[in-house]
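Chemist: Structure here, sequence nowhere to be found:
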């Protein structure tokens, strides 16, 4: 491990520079945010490189990605099984299995990880983002949480987060 240097950029987040790479570190008093950020670390390479994302999708994520998804999102197994369009018993089999997840499930999980990473960045708090997901949004004419069952739905929510970042909300 290289030397770390901490640089404060604004009140909600700090950045740590390690070996020439910048990592966002949220207010250390907000332990859930830090925990979510740490859970997302293994997947962040996929957010920055479409080639890395495609490679991971084709290889299939490890089954523990489902547990990471549940922990990061705070969703129930029922919610996650609806998002992934599988039954709860099938979801439990995937969790207990050692075989890589299939293409469709891997892609959906990576997209959800990317969305939660963006939501954390936009809101600065995972609890604020989760709260926002559960409320009707006029900009997308839906409750964001309810449209996470398709890649298109995730894309719509992601675009709304970008609009929020730019102050272009309805």
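Modeler: Received, thanks. All values derive from a computational prediction rather than experimental measurement.

Chemist: Against residue 44, how distant is residue 53?
Modeler: Distance of residue 53 to residue 44, computed by CB to CB, to the nearest Å: 11 Å. Where C-beta positions appear, they are placed from N, C-alpha and C, glycine not excepted.

Chemist: Of those two, give the one with the bigger neighbour count.
Modeler: residue 53 (19 against 16; other CB atoms under 10 Å).

Chemist: Check which helix or strand the closest residue to that one other than its chain neighbours maps to.
Modeler: The shortest distance from residue 53 to any non-neighbouring residue, by CB to CB, 6 or more residues apart in numbering, is to residue 46 (4.1 Å). Element membership of residue 46 [criterion: DSSP states H and E] is helix 44-48.

Chemist: Show me where this structure has its helices.
Modeler: 31-40, 44-48, 50-59, 64-73, 77-83, 88-96, 103-123, 126-133, 151-165 (DSSP state H).

Chemist: In CSV, list those along with mean pLDDT.
Modeler: Putting the helices of the chain into CSV (pLDDT from 0 to 100) gives the following:
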stretch, mean pLDDT
helix 31-40, 80
helix 44-48, 91
helix 50-59, 96
helix 64-73, 94
helix 77-83, 96
helix 88-96, 95
helix 103-123, 96
helix 126-133, 93
helix 151-165, 96
